[in-house]
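K.L.:
Task: produce atomic coordinates for the following.
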Amino acid sequence: MGIPFEALIPYGVMLGMFAVSGAALSKIRHMQNGDKRPRYSVDAWDKQMMDRDRRLTGFLRGQTDSVKAPPGFELSNPWRVEPTFT
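P.N.:
Residues are numbered from 1 along each chain as shown. Modelled structure (predicted):
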């Protein structure tokens with residue numbers, strides 16, 4: 001006595017949709033990350049360097065080999081300075 005394959009079609013469709021949505025989310029995450037693999041266990045130093053790279057290149061994971069900073073980089077300091085008391 002065999003199993004009617006018509007009963008297994010919905011499970012195949014659901015499994016296929018899970019596979020397609022997982023692949024699509026993985027690709028979107030890859031594209032949002034500058035076409036690089038995702039980073040795990042990012043500590044404070046890595047976050048600081050990634051923010052610096054974002055300010056230099058406009059991308060979180062972008063890097064540049066240019067010796068000179070782009071115009072306007074001197075004004076994009078992320079540190080906030082206290083106002084001086086007089």
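K.L.:
Tell me how the chain divides into domains.
P.N.:
Segmentation of the chain into domains, based on automatic domain parsing, reads 7-38, 41-78.
K.L.:
Return the member of these having the minimum mean pLDDT.
P.N.:
Between the domains of the chain, the lowest average pLDDT goes to domain 41-78, which shows a mean of 81.
K.L.:
Name the next helix or strand downstream of the host helix or strand of Met14, please.
P.N.:
Per DSSP states H and E, Met14 falls inside helix 9-32. As assigned by DSSP H and E, the chain's next helix or strand after helix 9-32 is helix 44-57.
K.L.:
so how far is that next one off the chain centroid?
P.N.:
13 Å (CA atoms, centre = their mean, to the nearest Å).
K.L.:
Now do stretch 5-15: everything it contacts.
P.N.:
By CB atoms under 8 Å, 6 or more residues apart in numbering, no residue outside stretch 5-15 reaches it. All C-beta spots, glycine's among them, are computed from the backbone N, C-alpha and C.
K.L.:
Can I get that stretch in CSV, CA atoms only?
P.N.:
Only the C-alpha atoms of stretch 5-15 are listed here, as CSV (Å, rounded to 0.1, in the frame of the first residue of the first chain):
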residue,chain,number,x,y,z
PHE,A,5,1.7,11.6,-3.4
GLU,A,6,-1.0,14.2,-3.6
ALA,A,7,-0.9,14.5,0.1
LEU,A,8,2.8,15.3,0.0
ILE,A,9,2.6,18.1,-2.6
PRO,A,10,1.7,20.9,0.0
TYR,A,11,4.7,19.9,2.1
GLY,A,12,6.9,20.1,-0.9
VAL,A,13,5.5,23.5,-1.8
MET,A,14,6.1,24.7,1.8
LEU,A,15,9.6,23.3,1.9
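K.L.:
so how far is that stretch off the chain centroid?
P.N.:
34 Å.
K.L.:
Quick one, grab the pLDDT at Trp79.
P.N.:
pLDDT, read off for Trp79, is 69.
K.L.:
Could you dump the domains of the chain into CSV and include mean neighbour count?
P.N.:
Shown next, in CSV, are the domains of the chain (neighbours: other CB atoms under 10 Å):
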stretch, mean neighbour count
domain 7-38, 10
domain 41-78, 11
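K.L.:
That concludes my questions; thank you for your assistance.
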